[in-house]
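Colleague: turn this into a model:
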Amino acid sequence: MADTDLPYRQSLDNCFAAAIGDGGLSRDSYGKALARAEEALSWLRKAHESGDLPLLRVPARRDDFARIEEVAEGLRNDTTDIFIFGIGGSALGAQALAQLTGWGTQANVQKGVRIHIPDNLDATTMDAAFSNADLRTTRFLVVSKSGGTVEPAIQTLSAMSAIAEAGGAKYMKHHFAVLTEPAKNGKPNPLRALAEAQGFPTLEHDPGVGGRYAVLTNVGLLPASLMGLDIEAVREGAASVLAQVLDGRPAGGVAPAAGAALSVAMAEEKGTSLSVVVAYADRLERFLAWYCQLWAESLGKDGKGTTPVKALGPVDQHSQLQLWLAGPKDKLFTVFMTETKGRGPKALPEIAAGTAFDFLGGHTVGDLVDAEQRATADTLVKNGRPVRTFMLPVLDERTLGALFMHFMLETIVAGRMLGVDPFDQPAVEEGKILARQYLAEGKG
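Modeller: Numbers count the residues shown, from 1 in each chain. Here you go, the predicted structure:
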């Protein structure tokens, strides 16, 4: 089940009973799931043709690149630091793209403008961030589709307050840019109103693309441009996956549809309740976080959905592998493998000789990671655990763009199969209302 026309290779072979025994899916159940996925693919093709799902038109767009580059250049000018304020889908995709440069890892060596994406809200972190930045040469990009999300709102107001206290109130408009959707149907957009009142430059968030699906729009590509990434390659990778949907091939030959059929059938036939995603590359850690939000928030409705769990190899072999192998058989594993052999620092044979680690002599760090990623997957399979693998020959903008589109489509197809709306999140509103209530009570 290889995908030779994509920048990755997905294999489902070790998820079936023929390969792993009772823990595997029957071919009959998978075939029935593929038939259900066909309906979802038909719906996607019609939505693409009609334009009813704007996400599907994004990979082919190039008309927004000039504005993205213009705003990126404006933010970089005479700047030492750029903060990107957003949460969830407004930040995770940007972080995932930024990690291609090593951002957010021990390999992070930012030259020139430093990019900060503090997606979580934490008082100590924000205090330190503002204290360590020269506010005179710091810019802020605020991202919120609705414009009403309170976490980036308080980050923005706090940054404005810090600048004002430093004597920069009259230069406020030079420090900020805002990415949000237009006010619509008489519903106000508080962030846009703030931006207009302050004279902040404003970019349009596509109102037809929800935050967790927005990574291929300016929400993800403006931060990517700030990091010096090839934004056209991101969309080219996404387009390569979408092409499988649009060319009319059967579901089994459409990588995201095959993945969705596997996930849904495993949950229904084998009772899997956890989707464990494991990556053997630090540069994929934020991608895994992006996936977890996408999968959980899109499918967790009406008592349905599987819980996503992310793990990073090899480190999480030392915390989770015991459970994976000897715990409940309630997990479907997806392992992302990268080409690491021969890469990284090498242990010289003469240094390793005469020690208990002489078997490491002549090998690189990448050699060991390669051996461990293959050994982990094979051990899971030998213990009857279903393992889907993604081999990534190159981890670059095109590959990541393809992975983004793969999992957005897989999620949408799974949602259609499960009979849930993958584009809303009604259950989270109660907590937002209570948080505002508690904040108001605290003031009094």
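Colleague: beyond the lengthiest strand in the chain, next helix or strand please.
Modeller: In the chain, taking DSSP state E as the definition, the longest strand is strand 331-338. Following strand 331-338 in sequence order, the next helix or strand is helix 349-352 (DSSP states H and E).
Colleague: in that next one, which residues are buried?
Modeller: A352 (16 or more other Cβ atoms under 10 Å). C-beta coordinates here come from the backbone N, C-alpha and C atoms, glycine included.
Colleague: against which helices or strands is it packed?
Modeller: Of the remaining helices and strands, none touches helix 349-352 by 3 or more Cβ pairs under 8 Å, 6 or more residues apart in numbering; DSSP states H and E.
Colleague: show residues contacting the helix or strand just after it.
Modeller: Following helix 349-352 in sequence order, the next helix or strand is helix 365-382 (DSSP H and E). With Cβ atoms under 8 Å, 6 or more residues apart in numbering as the test, helix 365-382 has contacts from 14, 19-20, 278, 280, 313-314, 317, 321, 324-325, 333, 335, 337-346, 360, 387, 389.
Colleague: and if you look at stretch 65-77?
Modeller: So stretch 65-77 is contacted by 82, 112-113, 139, 141, 177, 201, 203, 218, 221-222, 225-226, 231-232 (Cβ under 8 Å, 6+ apart).
Colleague: where neighbours are concerned, which of the residues you listed has the most?
Modeller: L221 (28 neighbours; other Cβ atoms under 10 Å).
Colleague: I'd say that residue and V234 touch.
Modeller: Yes - the pair L221 / V234 is scored as a contact, 6.6 Å apart, by Cβ atoms under 8 Å.
Colleague: identify the contacts common to these two.
Modeller: With Cβ under 8 Å, 6+ apart, L221 and V234 have common neighbours L97.
Colleague: L274: what's its closest spatial neighbour, skipping adjacent residues?
Modeller: Setting aside the residues directly before and after it, L274 is nearest to K331 in space (Cβ to Cβ, 6 or more residues apart in numbering), at 4.4 Å.
Colleague: quick check, the one you found in contact with T272.
Modeller: Yes - contact criterion Cβ under 8 Å: K331 and T272 qualify, at 6.1 Å.
Colleague: mind listing the helices for the stretch 51-200 of the chain?
Modeller: Under the criterion DSSP state H, counting those that start in this stretch, the stretch 51-200 of the chain contains helices at 65-76, 92-98, 123-132, 150-165, 190-198.
Colleague: how about those helices in a markdown table, adding mean pLDDT, distance to L294 and mean neighbour count?
Modeller: Output for the helices of the stretch 51-200 of the chain, formatted as a markdown table (pLDDT from 0 to 100; distance: least, Cβ to Cβ, whole Å; neighbours: other Cβ atoms under 10 Å):
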| stretch | mean pLDDT | distance to L294 | mean neighbour count |
| --- | --- | --- | --- |
| helix 65-76 | 95 | 22 | 16 |
| helix 92-98 | 97 | 9 | 27 |
| helix 123-132 | 93 | 24 | 12 |
| helix 150-165 | 96 | 19 | 18 |
| helix 190-198 | 96 | 23 | 17 |
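Colleague: circling back to that earlier point, for the longest strand of the chain, which positions count as buried?
Modeller: 331-338.
Colleague: which elements pack onto that strand?
Modeller: Strand 331-338 packs on strand 274-279, helix 365-382, strand 387-392, going by 3+ Cβ pairs under 8 Å, 6+ apart.
Colleague: out of these, which gets nearest to E429?
Modeller: strand 274-279 (24.7 Å; Cβ to Cβ).
Colleague: so what touches that closest one?
Modeller: Contacts for strand 274-279 (Cβ under 8 Å, 6+ apart): 263, 285, 287-288, 291-292, 295, 306-313, 316, 324, 330-336, 376.
Colleague: ok, now which ones touch the residue lying closest to R136 once chain neighbours are set aside?
Modeller: Once flanking residues are discounted, R136 sits nearest to G168: 6.8 Å by Cβ to Cβ, 6+ apart. Shown in contact with G168 (Cβ under 8 Å, 6+ apart): 135-136, 175.
Colleague: selecting buried members of those residues in PyMOL, what would you type?
Modeller: Buried residues among those (16+ other Cβ under 10 Å), as a PyMOL selection:
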select buried, resi 135+175
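Colleague: per-residue confidence for G431?
Modeller: With respect to pLDDT, G431 has a value of 87.
Colleague: what's the spacing between the residue of the chain positioned farthest from its centre and K173?
Modeller: Residue farthest from the centre of the chain, counting by Cα atoms, centre = their mean, is G354 at 45.0 Å. Distance of G354 to K173, given as Cβ to Cβ, to the nearest Å: 66 Å.
Colleague: any stretches of the chain with poor pLDDT?
Modeller: 1-4, 443-444 (pLDDT under 70).
Colleague: domains of it?
Modeller: Domain ranges of the chain: 9-47+233-422, 59-231, per automatic domain parsing.
Colleague: looking at those, which is closest to G431?
Modeller: domain 59-231 (11.2 Å).
Colleague: ends of the closest one, what's the gap?
Modeller: End-to-end distance of domain 59-231 (Cα to Cα, to the nearest Å): 11 Å.
Colleague: kindly report the same for stretch 387-397.
Modeller: Stretch 387-397 end-to-end distance (Cα to Cα) = 26 Å.
Colleague: list the buried residues in it.
Modeller: 387-392, 395-397.
Colleague: secondary structure element holding R416?
Modeller: Assigned by DSSP H and E, R416 falls in helix 397-418.
Colleague: how about A402, nearest residue that isn't a chain neighbour?
Modeller: G237 (3.7 Å).
Colleague: and the one you found, what helix or strand is that in?
Modeller: helix 231-246.
Colleague: what comes up buried for that helix?
Modeller: Those would be 231, 233-242, 244-245, for helix 231-246 by 16+ other Cβ under 10 Å.
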